[in-house]
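Trainee: got a structure for you, letters missing:
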């Protein structure tokens, strides 16, 4: 992600200020990739087995995630012009859909009573995120800054401690202690 | 792989359209590397031990895989000119041969009755792929688009769920359940 | 990190000498990232469980570490001009604070009697480092070379064998032997 | 390593031929890094415990290895000019010395009767390599092509199956079978 951030040519604080938009989009994209990385890690830890289809759904997700830095760089370089902000929204929407596909495929092989099903839950956050991305892409026609505000908002929603994940981690902690006590 | 994809200079959807050939070759190359990554992962999981020769066969495969992004970028930058499409075909052929060498070396040390031998099977897909790559390289003299269609076709052949891998995964799943039940 | 180091254009030893400032900042940044990598590895090994907050503190640390190569390249390219040396100091200060936050969050969930608490200890090195970074950033107004000397000094402090880590490693070694002897 | 290999600008086989020197140095450097990667993997697998000093010796080795691609690119871009070939030799010599330091530090903590000591042995290959690198650096004054031939020769020496490693792997295989048979 840091590859995207090129150092300015001049050696002054003013030159550094010019890098601010790139820095902002770099932070936003880093946050998004970190969110996926954390959730993906939990999802696969909760999975007890994988099928060939799940492996491809996983690669599909990784493909879209790998495009985020490029979309982010394009947006920052063009000072958040309308088309670039819309494309960035699409670059966030695509992995959200890919993540949804991956979690549904895992659910199908694990059944509704599995630890995995509990870890995924109703996935309200995931569904709201998709709607917000679509709204943000539409809003680029009005004002790209509104779209950027929504992208920041979605990241904040995901940064808030997730009761599902906390519950799962607490459970795993209790199980680990119980196993040690035996 | 995404390093290959440079954002366009202008901030319009038209500028984005110009990136389409790079995007296409990027998707194709990503798919190929994902296919090798998945198969390689299964191959080494089925292996119970490795020799020094196997380690070098593995490095040999990685070397050729690491050249795919470069061949892909060259092809896309030159709008799929004849020579570049032929070289891209060679860049796909080389890891296919390297993968064949690796699987034969593993077979030799494991014997025909091993789990590994069952996982590899007759390797019909691998053999057909090599023939199709050779055909595609030849067809660049006629029309490079025919060659590209074959590269896409080979990727689709590998994307189709592989009964060998599915069988192996199902078996492992059963074994894991049996071990837990004990 | 080596991505930062571009080979000179001319093929002479004189051309190589011109790369010396880049090489120096590359070595310094590599040393810093190695220090964090080693300490981070030990910190997480001593942790027996993680919460959602710890995961984010971890990502926060990784974000700041990923900016070090960029700050380092900017500084070297501008021959250690005042503003660039101050920004490099900030780029070293930020992960130091992020590491402190991470270790406090881990401490809170593990309690003062845990192996982790012993591994962290009073964290004198960490606190001195933060003070030295602040001093160095201030000293750029006087002479950036003083600041660079302090950055080197802090790295040397961390390179010195850490009794806390050595003790922890020795303990783990003893435990491993005891487990084998059983 | 493949990052070093930039695709040529023109779309012809002739343009590809111009990339040949870069390709050669890329193959050579890839081979060297693969050799270290394999040997390093075996060395650390044979180690039963590490100290803080060993961790730093390890980082020291990684630092020098990370410079090989840059030295390699410089050499290829300047068509194997004298100074660049000498510097490349130094870039090969440095990790060889770092590897020697790492293996000595591991030996000191494991004792002469350990599995590790047997895995390292008298390290004849390592000592010969250092002498050959020094010879090659000197020979750049006469003809850089002689030096390149020596770099290729050293790589071939390491590619030859290593009886020490083969013995160790065979032993591990026997132990694994014995453990299963119990």
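Mentor: That came through fine. As the structure is a prediction and not an experimental result, all values here were calculated from the model.

Trainee: Would you mark the buried spots in the biggest helix by length in chain A?
Mentor: Secondary structure of chain A read by DSSP state H shows that its longest helix is helix A:82-110. For helix A:82-110, burial by neighbour count (16 or more other C-beta atoms under 10 Å in any protein chain shown) applies to A:82-89, A:91-96, A:98-103, A:105-107, A:109-110. Backbone N, C-alpha and C define where each C-beta goes, glycine included.

Trainee: swap in stretch A:126-141?
Mentor: For stretch A:126-141, by 16+ other C-beta under 10 Å, it's A:126, A:129-130, A:132-133, A:136-137, A:139-140.

Trainee: Scan the helices and strands of chain A for the one with the lowest mean pLDDT.
Mentor: One helix or strand of chain A scores below all others by mean pLDDT, DSSP states H and E: helix A:163-181, with a mean of 66.

Trainee: quick one, helices of chain A?
Mentor: Applying DSSP H to chain A gives helices spanning A:13-18, A:20-46, A:52-77, A:82-110, A:115-120, A:124-139, A:144-159, A:163-181.

Trainee: does residue A:13 really touch residue C:83, like I thought?
Mentor: Yes. Counting by C-beta atoms under 8 Å, residue A:13 does reach residue C:83; the two are 5.2 Å apart.

Trainee: ok now stretch A:61-72, how far from the chain's centre?
Mentor: Offset of stretch A:61-72 from its chain centre (C-alpha atoms, centre = their mean, to the nearest Å): 10 Å.

Trainee: Apologies, that question was intended for stretch A:111-123.
Mentor: Centroid separation between stretch A:111-123 and its chain, computed with C-alpha atoms, centre = their mean, is 20 Å.

Trainee: Figure out the length between the terminal residues of that stretch.
Mentor: Stretch A:111-123 has an end-to-end distance of 16 Å (C-alpha to C-alpha, to the nearest Å).

Trainee: how about that stretch: buried residues?
Mentor: Buried residues in stretch A:111-123 (16+ other C-beta under 10 Å): A:114, A:116, A:119-120.

Trainee: So which of the residues you listed sits lowest on pLDDT?
Mentor: Lowest pLDDT within these is found at residue A:119 (72).

Trainee: Thought residue A:44 was touching it, still the case?
Mentor: No. The criterion here is C-beta under 8 Å, and residue A:119 misses it with residue A:44 at 10.3 Å.

Trainee: where does chain A have low pLDDT?
Mentor: A:1-6, A:161-170, A:172-173, A:176-177, A:179-182 (pLDDT under 70).

Trainee: what about 80?
Mentor: Applying pLDDT under 80 to chain A picks out residues A:1-19, A:42, A:45-52, A:112-116, A:118-122, A:159-182.

Trainee: For it, which residues are neighbours of chain B?
Mentor: Residues of chain A lying close to chain B by C-beta under 8 Å from any C-beta of the partner chain are A:3, A:48-53, A:55-56, A:59, A:62-63, A:66-67, A:69-71, A:73-74, A:77-79, A:81-84, A:87.

Trainee: how close does residue A:73 get to residue A:150?
Mentor: 20 Å (C-beta to C-beta, to the nearest Å).

Trainee: which of these two has more neighbours?
Mentor: Just comparing residue A:73 and residue A:150: by other C-beta atoms under 10 Å in any protein chain shown the higher neighbour count belongs to residue A:73, 23 against 20.

Trainee: for stretch A:25-33, the distance to its chain's centre please.
Mentor: Worked out by C-alpha atoms, centre = their mean, stretch A:25-33 lies 9 Å from the chain centre.

Trainee: Kindly report the same for stretch A:53-61.
Mentor: Distance, centroid of stretch A:53-61 to centroid of chain: 16 Å (C-alpha atoms, centre = their mean).

Trainee: same check, this time on stretch A:17-31
Mentor: 16 Å.

Trainee: what do you get for stretch A:75-85?
Mentor: Taking C-alpha atoms, centre = their mean, one finds the center of stretch A:75-85 at 20 Å from the center of the full chain.

Trainee: Quick one: end-to-end distance for it.
Mentor: Terminal residues of stretch A:75-85 lie 6 Å apart, using C-alpha to C-alpha.

Trainee: Wondering if it reaches chain C at all.
Mentor: No. Stretch A:75-85 lies apart from chain C when judged by C-beta under 8 Å from any C-beta; the minimum separation is 13.8 Å.

Trainee: likewise stretch A:150-157?
Mentor: No. Interface with chain C: stretch A:150-157 contributes nothing (C-beta under 8 Å from any C-beta), its closest point being 11.6 Å away.

Trainee: got the buried residues for that stretch?
Mentor: A:150-151, A:154-155.

Trainee: which one of the residues you listed sits closest to chain C?
Mentor: Chain C lies nearest to residue A:155 out of the buried residues of stretch A:150-157, by C-beta to the nearest C-beta, at 11.6 Å.

Trainee: burial count for the closest residue in space to the closest one that isn't next to it in sequence?
Mentor: Leaving aside its sequence neighbours, residue A:155 sits nearest to residue A:31 (C-beta to C-beta, 6 or more residues apart in numbering or on different chains; 4.8 Å). Counted with other C-beta under 10 Å, residues neighbouring residue A:31 total 22.

Trainee: so residue A:31 touches residue A:159, yeah?
Mentor: Yes. Using C-beta under 8 Å, residue A:31 is in contact with residue A:159, at 7.2 Å.

Trainee: What about residue A:14, how many residues nearby?
Mentor: If you count neighbours by other C-beta under 10 Å, residue A:14 ends up with 9.

Trainee: Looking at the helices of chain A, spot the one closest to residue B:27.
Mentor: For residue B:27, the closest of the helices of chain A is helix A:52-77, at 7.4 Å, according to C-beta to C-beta.

Trainee: Off-centre distance for the closest one?
Mentor: On the basis of C-alpha atoms, centre = their mean, helix A:52-77 sits 10 Å off its chain's mean C-alpha point.

Trainee: Fine by me, we can end here.
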